[in-house]
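Student: turn this into a structure:
(one chain, ligands or ions: 1)
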Amino acid sequence: MEWTCFNPTQIIMRSGAVKEYAFRTLGRHALLVCGRTSARICGALDDVREALILQGVDYTVFDRVENNPSVETCFAAGALAREVGADFVIGVGGGSPLDAAKAIAAFAAHEYADAESIYRDGVSSALPVVAVGTTAGTGSEVTQYAVLTVASASTKMTVKSPLLFPKAALMDPKYTATLPLRLTVSCAVDALSHCIEGYFSVRASAYTDAVALRALRMLGNNLGKLRSGELSDTVRGELLQASTMAGQVIAQTGTGFAHVLGYMLTFFEGFQHGEANAQFLADFVASMGSARPDKANTTLRALGLSSTEELRAYLRELIPNTPHLTRAQVERFTAISARSKSLANAVTVIGAKEIEELFGQYAD
Ligand SMILES: [Fe+2]
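Tutor: Below is the predicted model of the structure:
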């Protein structure tokens, strides 16, 4: 029954969150980090600029964050933050800009020899970060993780430090209103996988279980709406709450093999993150159920489902695209995935043989 918990991020989950936040308390110059388009389309970037101007805070915009941002991009933006004298970083967007904002905050506060040395040296200091979420899935707004693409490792790698928890998560559901259905579904499945992988973590506690199950039920209530595409403001609001709560869960528990294997499909096959996780999520519940059948039943009940096969069929209906792998890819993906430390994070630890079977189901 022993556990600790550290969730230091202030969460403002309501319409108008950006306008009510006192950015000026964090300094006089902000580096505003976003991608090329979505932060503009949803109105979040304009709202942040307006708030900064009203509060007399100067800012520099870095809008070159790519999907699945590379560690090199963050390294370059960290140098820019130092150059312009940024006191803090504001990330605006989905998981990619938010994760990038955290890494940039670390690169800005400490001069590393090169981009990848952040993985060797760790994070010793970081500028404060404010996260303005515009998707409902990543949970990055409340975690200490920055997941970046590392070309030399052929996968995504996580920078992790308590210093990377955002100071505040400003979550206004109106920013998610313009998200296309396919991205909304992919993000919701990412949140679903955070709940499920966190629930079966060896680091799960009574606290994280409570949060994970409440978020799972909220997602479960909206599974039909995700399928039919009827995304009312109420549905969007519930998806946003569930995704932030799921983020709080994985901040304590870490993720499991659906993420580890999913990274391969994103890195090599271009799958969206949530769509990649979806390929392995039913297998994850089935595998974990061998150690914790009670938790597997609770998970399925919370989603209104009765078996892992029903979960598999539902996910397939929601995300019809599946990978088509060669045997050589199966071997390569297995070799890379088997090195992940996250595998040991779950109540059932799988090895190379099981990983090969999981990828193998998508081979010719
Ligand atoms: Fe994720």
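Student: and the residue nearest in space to the middle of the chain, how far is that from residue 186?
Tutor: Nearest to the mean C-alpha position of the chain, counting by C-alpha atoms, centre = their mean, stands residue 138 at 2.9 Å. According to C-beta to C-beta, to the nearest Å, residue 138 and residue 186 sit 11 Å apart. For every residue, glycine as well, the C-beta is placed using N, CA and C.
Student: quick check: neighbours shared by these two?
Tutor: residue 273 (C-beta atoms under 8 Å, 6 or more residues apart in numbering).
Student: let me see the ranges of the helices in the stretch 151-300 of the chain.
Tutor: 181-199, 206-221, 223-228, 233-253, 257-269, 273-289, 293-302 (DSSP state H, counting those that start in this stretch).
Student: quick one: furthest residue from the center of this structure?
Tutor: Most remote from the centre of the chain, using C-alpha atoms, centre = their mean: residue 56, at 31.6 Å.
Student: what does the pLDDT read for that residue?
Tutor: Model confidence at residue 56, given as pLDDT, is 98.
Student: and for the one 5 residues further on?
Tutor: In this model, residue 61 is scored at 98, pLDDT.
Student: where does pLDDT dip in the stretch 201-350 of the chain?
Tutor: Within the stretch 201-350 of the chain, not a single segment meets pLDDT under 70.
Student: for residue 158, report the pLDDT, please.
Tutor: 94.
Student: isn't it up against residue 149?
Tutor: No: under the criterion of C-beta atoms under 8 Å, residue 158 makes no contact with residue 149, lying 11.2 Å away.
Student: domain assignment for the protein?
Tutor: The record's domain parsing of the chain by automatic domain parsing lists 10-175, 180-360.
Student: sorry, back to before: the closest residue to the residue farthest from the centre of the chain other than its chain neighbours: what secondary structure?
Tutor: The shortest distance from residue 56 to any non-neighbouring residue, by C-beta to C-beta, 6 or more residues apart in numbering, is to residue 24 (6.5 Å). With DSSP: H, G, I helix; E, B strand; the rest coil as the basis, residue 24 sits in helix.
Student: so who does residue 24 touch?
Tutor: Shown in contact with residue 24 (C-beta under 8 Å, 6+ apart): 55-57.
Student: export those to TSV and tack on secondary structure?
Tutor: Output for the contacts of residue 24, formatted as TSV (three-state DSSP):
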residue	secondary structure
55	coil
56	coil
57	coil
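Student: for residue 33, state which of those is nearest.
Tutor: residue 57 (14.9 Å; C-beta to C-beta).
Student: isn't the closest one up against residue 29?
Tutor: Yes: between residue 57 and residue 29 there is a contact at 7.0 Å, judged by C-beta under 8 Å.
Student: and the two? Which one has more around it.
Tutor: residue 57 (22 against 16; other C-beta atoms under 10 Å).
Student: tell me the contacts of that one?
Tutor: Per C-beta under 8 Å, 6+ apart, neighbours of residue 57: 23-24, 27-30.
Student: measure residue 18 to residue 174 for me?
Tutor: For residue 18, the distance to residue 174 - C-beta to C-beta - is 10 Å.
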